[in-house]
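Engineer: build the 3D model from these lines:
(one chain, ligands or ions: 1)
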Amino acid sequence: MRRIWHHVAAFAFVMMPAVALAQADLRNPPGKEWPTIGGDWHNTRFSTLKQITTANVKNLKAAWAMHLGSGLGRKYSLEGTPIVQNGVMYFATGNDDVFALDAKTGERLWEHYSGIDQDISTVCCGWDNRGVAVGEGKVFVGQLDGTLVALDAVTGKLLWQTVIGRWQEGYTITSAPLYYKGAVYTGISGGDRGARGKLTALDAKTGNELWHFWTVPEPGDIGSDTWPAPDDPNPIRANVYKKGGANIWQTPAVDPDLGLIYFSTGQPGPEGLGIGANRPGDNLFSSSIVALHLDGTYAWHFQQVHHDLWDFDCPSPVVLFDRAYGGKLRKGIAEVCKTGWIYMLDRTNGQPLTSINETPVEQDYRAITSISQPIPVGDAVMPQCPEPLGSWPTKCIFGAVWDIPTLMMPGGNGGPNWSPMSYDPQTGYFYVTAAIRPASRIGAGSGKNSPPPIGAEYSGTLTAMDSRTNRIVWQHKMPYSIGQGSGSLSTAGGLLFHGEPDGNIQAYDAKTGDLLWHWQTGAGADAPAITYEIDGEQYVAIAAGGQAIQTQSSNGDMIWAFKLNGDPKIAQQPAPPPPPTELSFEANTRLRVMRVRETDSIKMIDYEYEPTRIQVTAGTKVTFTNAGQQPHNAASADAGGWDIGLLNNSQSASVTFNKPGNYVFSCTPHPFMIGEVVVTGPEISGAPAVVVEGSRVKADGPMNMTGHGSPPDASGRQLH
Ligand SMILES: [Cu+2]
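Structural biologist: The predicted structure is shown next:
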């Protein structure tokens, strides 16, 4: 399947057209080419091609399939949307290596290896790249080291590179840049690592910065009064705007007629889930849709989640669409957020197109919860409450939690996530993929860790949403979490293309949702599909290389292209191992990545062992002390093993380990608390393997939340 580079012929074929510099008018959906990541400037991911139809899609076969030899390994995801221009396909892998392929044959024209530092430690969410931009005979790519790079589109030669933000300070780039009329626009990732969001515009010729817009405003600028004052006596609050988060995980859309550029933003900082108690206020422009004039000045914003305490980033690309409401053609913008709702606005002014109501939500003064949240009238694309799990307490969306681990949905992964939705002007439907993926939460700012919900089941949805009503037209329950992954591609042939984590690219009838065709690519098909036409033939292409974070699908390095008159010699691949659909101890990588410490004492806190992994020599007495407010024990993970019994605050117990080996244990009431003692050295002969000196109080079982639910201590634990 790996093809040889017939360099001379292919090179001559592409060289002439690639130097054509004029940019097509991308206000309308693409046809023969796929010239920008979202298909057009509106990010519709809809193609006017209709050679492949609902009637003939069953005959679709592989035209070519190509290994790239890049991005292979557990840390990588293959999430890019290919660009096709002048017969050339441009693509970037999870290592930010860029490839140019002949889009008709798959033959490689050139490659550019990024050479990025393999020790970049601030990558939040896997090594990935969502694609490149092409313009002025250049290919533009953002890198995980925070650099934007321009390459020669004909040769792949490096032309310029500009640092947007240093990875050492938490700035990485994962989204595809946008090229529009002489400028290159890029967002920045890293809100989970303390980075402050911004949109940057660069001169496409030189790489010099034209302007940048901070998504967390400077003191005195619009929105700055939604953060703590810069002279707040609490030093953390005083400086919180300098971190702020509100990163831009996706490629903006442009409306040339209005002269506006649009994007949506992620959660507020300063780190992780964001310490809500440190940042009273709405925290603009986090978890918002933002419109700027093309000179980088503010036009309008709409915040989708106020004072976000739940990591409700809005990372899916905004989509511009025009549709009649009440007999009047309106200019719309839509974005599906991790919350599960599509927010539809008038893109001239940011006002709701379909009703969005500020609705009171549950309050907890300790997290400084927002009094209300904007809730669209219509349907969510997946459930917003978790299924019951054991004795876990549960809450629905916008539930306020503090120090009790609570199962909630959506989790921090969403709902929908970065996957792009498409808009089909023929049906008027948005096509959205989402995860059904609960998570446990503890209040942001409570100082507690959020334990994983061992035993929780994961799945997803594929939904057609009517843009006029914001209601579900049809919906499929899907086997895997697909909030991250392929999303959807719509075509004038009445089709919807989508890749699954199990390796299948699928085609659906866009009107009815009937599954019409699928093809096994051999690795997680978790990248967005595109379509284009060469020499009168329509192609559909997708990268298949897996997704390391949400779907945990099988890794690979292939690009596949399909057409009706395909090559019968190119066979479907064997199915890769199916992705997990439940969070288990095995699928929980926490233990494996924890550093092993040399100590003989372990503290139990709510809800973790500290340290989580220790190493001792045989014969050592290991002391467990409960430093938490809840009762905890440590019991051998093997049935019939040892148990130190339940300890209350400040009580201790011990276990003497006489035999070398790895001893994994967990807390019976809180089975998501796990730890390990690694015992080395010669066995103490004649002694039992373990000797326990502990309490006689045994736990009743999982999630027996003795002492939980008691009223908060209003005197002592208030953080603000
Ligand atoms: Cu416990």
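
Engineer: R237 falls within a helix, correct?
Structural biologist: Yes - membership of R237 in a helix is supported by DSSP: H, G, I helix; E, B strand; the rest coil.

Engineer: so what's the residue count around the closest residue to S114 other than its chain neighbours?
Structural biologist: Excluding its sequence neighbours, the residue lying closest to S114 (Cβ to Cβ, 6 or more residues apart in numbering) is D96, at 3.8 Å. Where C-beta positions appear, they are placed from N, C-alpha and C, glycine not excepted. By other Cβ atoms under 10 Å, 26 other residues sit near D96.

Engineer: cool, and Q651?
Structural biologist: 18.

Engineer: what sits against it?
Structural biologist: Q651 makes contact with T625, N626, S695 under the criterion Cβ atoms under 8 Å, 6 or more residues apart in numbering.

Engineer: how about a cut-off of 10 Å?
Structural biologist: M604, F624, T625, N626, P631, H632, I644, G645, G694, S695, V697 (Cβ atoms under 10 Å, 6 or more residues apart in numbering).

Engineer: SS state for the last one?
Structural biologist: I take that to be V697. Classified using three-state DSSP, V697 is coil.

Engineer: now do it against the ion, distance only.
Structural biologist: Distance of V697 to the ion, computed by Cβ to the ion, to the nearest Å: 13 Å.

Engineer: on that earlier part again, tell me which of the contacts of Q651 fall in strands.
Structural biologist: Within those, residues falling in strands by DSSP state E are M604, F624, T625, N626.

Engineer: who's in contact with A527?
Structural biologist: Contacts of A527 by Cβ under 10 Å, 6+ apart are 77-82, 91, 128, 130-131, 419, 485-487, 499, 505, 541-547, 559.

Engineer: now, which of these lie within strands?
Structural biologist: F91, G499, I505, A541, I542, A543, A544, I559.

Engineer: the second one and G524 touch, don't they?
Structural biologist: Read that as G499. Yes - using Cβ atoms under 10 Å, G499 is in contact with G524, at 7.9 Å.

Engineer: where exactly do the helices run in the stretch 451-600 of the chain?
Structural biologist: Applying DSSP state H, counting those that start in this stretch to the stretch 451-600 of the chain gives helices spanning 590-593.

Engineer: where does this protein dip in pLDDT?
Structural biologist: 1-22, 191-193, 270-274, 445, 447, 585-593, 638-640, 702-720 (pLDDT under 70).

Engineer: contact residues of it facing the ion?
Structural biologist: H632, C667, P669, H670 (Cβ under 5 Å from the ion).

Engineer: doesn't D643 make contact with the first one?
Structural biologist: If I follow you right, that is H632. No - H632 lies out of contact with D643 (Cβ under 10 Å); the separation is 11.7 Å.

Engineer: name the residue in those two with the higher neighbour count.
Structural biologist: H632 (27 against 18).

Engineer: give me the nearest residue to the residue of the stretch 501-650 of the chain found nearest the ion, chain neighbours excluded.
Structural biologist: Nearest to the ion, among the residues of the stretch 501-650 of the chain, is H632, at 3.3 Å (Cβ to the ion). Spatially, and ignoring its direct neighbours in sequence, H632 is nearest to M604 (4.3 Å; Cβ to Cβ, 6+ apart).

Engineer: which parts of the protein belong to which domain?
Structural biologist: Listed by automatic domain parsing, the domain ranges of the chain are 7-563, 590-693.

Engineer: quick check: which of these is buried the most?
Structural biologist: domain 7-563 (a mean of 22; mean count of other Cβ atoms under 10 Å).

Engineer: show me which pair in the ones in strands among the contacts of A527 is furthest apart.
Structural biologist: F91 and I505 (15.9 Å; Cβ to Cβ).
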